[in-house]
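In: predicted model and sequence follow; I will ask about them next.
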Amino acid sequence: MTGEMPRRRLDRAILGALSERTALHVIDLAGQIDEHPIEVDQACARLHEEGYITPSAHGIYDVTTRGQRRLDELGGEQARTDGGEE
């Protein structure tokens with residue numbers, strides 16, 4: 001696993017993965033975005049507090065409408081950077 005993505009990239013990866021599928025467990029989400037489960041769990045807790053994702057069961061999250069809008073914003077930021085990387 002790569003470990004410790006920059007925060008915006010991690011947010012974009014989590015929101016993107018959740019927007020492409022139905023709700024995912026933190027472990028499955030971590031595997032899909034190639035990040036450590038603890039990092040993903042902490043990021044999901046923060047994204048939930050900010051209203052971007054919602055828990056549907058213990059450790060399972062889904063993206064909210066607000067989260068989809070945030071993903072669109074983060075996608076726009078990526079497009080404006082050189083090479084699409086942070």
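Out: Received the coordinates, thanks. Numbering: from 1, shown residues only.

In: can you give the distance of stretch 46-58 from its chain's centre?
Out: Its chain's average C-alpha position is 10 Å from that of stretch 46-58, according to Cα atoms, centre = their mean, to the nearest Å.

In: how about it: buried residues?
Out: 47, 52-54 (16 or more other Cβ atoms under 10 Å). Any C-beta I mention is one placed from the backbone N, CA and C, and that applies to glycine too.

In: now the end-to-end length of it.
Out: 15 Å (Cα to Cα, to the nearest Å).

In: next: stretch 42-62.
Out: 15 Å.

In: show residues contacting it.
Out: 7, 10-11, 14-15, 18, 22-27, 29, 41, 63-64, 66-67, 70 (Cβ atoms under 8 Å, 6 or more residues apart in numbering).

In: SS state for Thr22?
Out: State at Thr22, reduced to three classes by DSSP: H, G, I helix; E, B strand; the rest coil: coil.

In: which SSE is the residue nearest the centre of the chain in?
Out: For the chain, Ile14 is the residue whose C-alpha lies nearest the centre (Cα atoms, centre = their mean; 1.6 Å). With secondary structure defined by DSSP states H and E, Ile14 is part of helix 7-20.

In: next secondary structure after that helix?
Out: That would be, after helix 7-20 and using DSSP H and E, strand 24-25.

In: ok now the next helix or strand along the chain from that following strand, how far from the chain's centre?
Out: Later in the chain than strand 24-25, the nearest helix or strand by DSSP H and E is helix 26-33. How far helix 26-33 lies from its chain's middle: 10 Å, per Cα atoms, centre = their mean.
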